[in-house]
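Engineer: Build me a structure from this.
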Amino acid sequence: MSSSKTIILGAGPAGMACAYTLADYGCPATVIEKQNGCGGLCRTVNFQGYLFDIGGHRFLSRSPVINRLWQDVLGSEMLRVQRSSQIYYRKGYLRYPLTWDDVFREFGWIEIFLCAASYLQHRTLYGRDGVTLEDWFIRRFGQRLYQIFFRDYTEKIWGVSCRHLSSDWAEQRINGLTMTAAVKNTLLDGAQSFAKTLANEFFYPKYGPGDFYRKLQDIARPTSNFLFGTHVERIRHDGKQIMAVGIRAGSDSKIEDLESDYVFSSIPVTRLIQIMDPPPPVEVLSAAEKLRFRNFITVNMIFNKEDISPHQWIYVHSPGVRVGRIQNYKNWSLAMVADPRKTTLGVEYFCDGNDWLWRMSKENLIRYAIEELEKIGMVTREYFEDGFVVKEQDAYPIYDLKYKEYVRVIRNYLERFSNFQTMGRAGLFRYDNSDHALLTGICAARNYRADGAFDIWAIDPDKGHNVPMAIKCGLQDAVYSQAET
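Structural biologist: Down below sits the predicted model:
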């Protein structure tokens, strides 16, 4: 096998971890990425000397393998940060994780009693969890608390009713969050974390997560060729092996075929199926068409005001505005702002491709975001200096009630190719965290080198489905990784 024809599609966390691991083996690879830099959704953008992430990215993991990777690459530039976050709810702000004084002030004894009664009723009268995300929330928190606290924010993110979403999302993302954990954390005033989502401390790169991926690129560069601003247009195959990858550089109308001996892919699996040449069977194409992603918009702005909020991020539960979350980057790291007398905010929206918000111009999006910041009393337009917008397609896999069936059909098709592996969030259609995506890239590279027998689809950061295979490669602790992004 000629390793010089090894191709990696996508330079997000999985793709960069794969390139880094192959470089450690001394294996040349070509990395193809549509953006003009690495990191994917974890990249950091420099705008007029101010650094902006594509959403907030905590470096939080239980995996010694991933923690060691972060520390080895970042060294002293890995900051230990005390969490400070809020929820905007009912026209007011609550600290999150919740504290007792906030809960009492906002709800009062009567509402607290009614929520507790609803919780006990559902724990007593209802058995095992149902299949929907609504079932999952009600089983753990009761109908009343679900309706007043979880429903609106969750449906703002996904754009559909929780009745039409699988509980798998909660099992993966907030499995440790229960009424018991929340109450203990509230009563102890955040003194101890009982669930990952309640963690009160995390790591963060001094110059943003994108700096970590740029450093991975620097390490891999001697053996890797990075083609940025390049789109994948077709995947040529003979039914058993991938023969070539057709790419288009920038606006060039010409497609160039790169011969391939081995291909790793972290691009959206739906897109991958669509560009297979020859096309897959009808049932595979149909499965790919039925899988959906949620798009993501960040409106990034500089304000000529030193103190807007003391928090790193704010969850916006109010249905009266479309904004879902707000990042305050100087509170993640002071190095993110060129002038500490000013504040940079990232205003985040979740939408579909046919959404009026997605079609809005960047200038109008900035105006709209400022209006919403004013509505929630965060900052007024007089302080606004400048801003820009980032739109990301296929950011979040939507777990509808049949997504597993569609993924299974696609997986069965892709596994016929002996020189191919898919990995990462979009490649596996799995709403994983950044360290899990890193881990899939590492394990895929080790599979390629016959240094493991990892089932990339089955790597589970919480349940450890790959423990027997991981032990074989000395990665028994790696499958327990958790990081919230």
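
Engineer: where are the low-confidence patches of the stretch 1-150 of the chain?
Structural biologist: Scanning the stretch 1-150 of the chain for pLDDT under 70 picks out 1-4, 97-105, 124-129.

Engineer: Strands along the stretch 251-400 of the chain, start to end?
Structural biologist: Ranges of strands within the stretch 251-400 of the chain are 256-259, 262-265, 276-277, 293-303, 313-316, 325-328, 343-351, 384-397, based on DSSP state E, counting those that start in this stretch.

Engineer: what's the longest one in contact with?
Structural biologist: Under the criterion Cβ atoms under 8 Å, 6 or more residues apart in numbering, residues 41, 45, 47-48, 52, 54, 157-158, 268, 270-271, 291, 293-304, 342, 350, 353, 358, 362, 365-366, 369-370, 403, 425-426, 429-431 lie in contact with strand 384-397. (C-beta placed from N, C-alpha, C; glycine too.)

Engineer: That strand: how far from the chain's middle?
Structural biologist: Relative to the centre of its chain, strand 384-397 is centred 14 Å away, using Cα atoms, centre = their mean, to the nearest Å.

Engineer: and if you look at the third one?
Structural biologist: Here the centre of mass of C-alpha atoms in strand 276-277, compared against the chain's by Cα atoms, centre = their mean, lies 28 Å away.

Engineer: In its sheet, which strands sit next to that strand, and in what direction?
Structural biologist: According to DSSP bridges, strand 276-277 forms sheet pairs with strand 230-237 (parallel).

Engineer: In CSV, could you pull the C-alpha coordinates for the partner strand?
Structural biologist: Extracted C-alpha coordinates of strand 230-237, given in CSV (Å, rounded to 0.1, in the frame of the first residue of the first chain):
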residue,chain,number,x,y,z
THR,A,230,-11.1,22.6,-1.4
HIS,A,231,-14.4,20.8,-1.9
VAL,A,232,-15.0,17.1,-2.2
GLU,A,233,-17.2,16.6,-5.3
ARG,A,234,-17.2,12.8,-5.9
ILE,A,235,-16.0,9.5,-4.5
ARG,A,236,-15.1,7.0,-7.2
HIS,A,237,-15.3,3.3,-6.3
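
Engineer: now that strand: mean pLDDT?
Structural biologist: Strand 230-237 comes out with an average pLDDT of 97.

Engineer: mind listing what's buried in that strand?
Structural biologist: Buried positions in strand 230-237, judged by neighbour count with 16 or more other Cβ atoms under 10 Å: 230-232, 234-237.

Engineer: which outside residues touch that strand?
Structural biologist: 9, 32-34, 242-250, 255, 257, 263, 267, 271-272, 275-278, 417.

Engineer: and the helix or strand harbouring residue 435, how far from the chain's centre?
Structural biologist: In this structure, residue 435 sits in helix 434-448 according to DSSP states H and E. The chain centroid and the centroid of helix 434-448 are separated by 16 Å, computed with Cα atoms, centre = their mean.

Engineer: Please apply the same query to stretch 145-165.
Structural biologist: A distance of 19 Å separates the centroid of the chain from that of stretch 145-165, by Cα atoms, centre = their mean.

Engineer: and the spatially most distant residue from the centre of the chain, what helix or strand is that in?
Structural biologist: What lies farthest from the middle of the chain is residue 110; by Cα atoms, centre = their mean that is 37.7 Å. Assigned by DSSP H and E, residue 110 belongs to helix 100-125.

Engineer: I'd like the next helix or strand past that helix.
Structural biologist: helix 133-141.

Engineer: and that following helix, what does it pack onto?
Structural biologist: Using 3 or more Cβ pairs under 8 Å, 6 or more residues apart in numbering; DSSP states H and E, the elements in contact with helix 133-141 are helix 100-125, helix 151-158, helix 168-173.

Engineer: Which elements pack onto the shortest one?
Structural biologist: Of the remaining helices and strands, those touching helix 168-173 by 3+ Cβ pairs under 8 Å, 6+ apart are helix 133-141.

Engineer: So what's the residue count around residue 441?
Structural biologist: Per other Cβ atoms under 10 Å, the neighbour tally for residue 441 reads 30.

Engineer: number of nearby residues for the closest residue to it other than its chain neighbours?
Structural biologist: Spatial nearest neighbour of residue 441, chain neighbours left out: residue 17 (3.1 Å); criterion: Cβ to Cβ, 6 or more residues apart in numbering. Here the count is done by other Cβ under 10 Å, and residue 17 has 30 residues near it.

Engineer: need the contact list for residue 213.
Structural biologist: 11, 13, 16, 38-39, 42-43.

Engineer: Output the residues you listed as TSV; include the columns secondary structure, neighbour count and distance to residue 137.
Structural biologist: Shown next, in TSV, are the contacts of residue 213 (DSSP: H, G, I helix; E, B strand; the rest coil; neighbours: other Cβ atoms under 10 Å; distance: Cβ to Cβ, whole Å):
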residue	secondary structure	neighbour count	distance to residue 137
11	coil	28	36
13	helix	35	29
16	helix	33	35
38	coil	26	36
39	coil	28	32
42	helix	24	28
43	coil	25	32
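
Engineer: Show the buried residues in the contacts of strand 384-397.
Structural biologist: Here, 16+ other Cβ under 10 Å leaves 41, 45, 47, 52, 54, 157-158, 268, 270-271, 291, 293-303, 342, 350, 358, 365-366, 369-370, 403, 425-426, 429-431 buried among these.

Engineer: Tell me the helices and strands packed up against the helix or strand where residue 413 lies.
Structural biologist: Using DSSP H and E, residue 413 maps to helix 403-414. Under the contact criterion of 3+ Cβ pairs under 8 Å, 6+ apart, helix 403-414 touches helix 269-274, helix 282-290.

Engineer: Buried deepest among those helices, which one?
Structural biologist: Of all the helices and strands packed on helix 403-414, helix 269-274 has the most neighbours on average by mean count of other Cβ atoms under 10 Å, namely a mean of 21.

Engineer: as a whole number, average confidence for that one?
Structural biologist: Mean pLDDT, computed over helix 269-274, is 98.

Engineer: send the alpha carbons of that helix over as PDB?
Structural biologist: C-alpha atoms of helix 269-274 as PDB (Å, rounded to 0.1, in the frame of the first residue of the first chain):
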ATOM      1  CA  VAL A 269     -22.200  11.200   6.000                       C
ATOM      2  CA  THR A 270     -25.300  12.400   4.100                       C
ATOM      3  CA  ARG A 271     -23.100  14.300   1.700                       C
ATOM      4  CA  LEU A 272     -20.700  11.400   1.400                       C
ATOM      5  CA  ILE A 273     -23.500   9.100   0.200                       C
ATOM      6  CA  GLN A 274     -24.800  11.700  -2.300                       C
END
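
Engineer: From the chain's centre, how far out is it? Work that out for me.
Structural biologist: Centroid separation for helix 269-274 versus its chain: 19 Å, with Cα atoms, centre = their mean.

Engineer: got it, and stretch 232-240?
Structural biologist: Distance, centroid of stretch 232-240 to centroid of chain: 28 Å (Cα atoms, centre = their mean).

Engineer: Please report the distance of residue 394 from residue 106.
Structural biologist: From residue 394 across to residue 106, the span is 36 Å (Cβ to Cβ, to the nearest Å).
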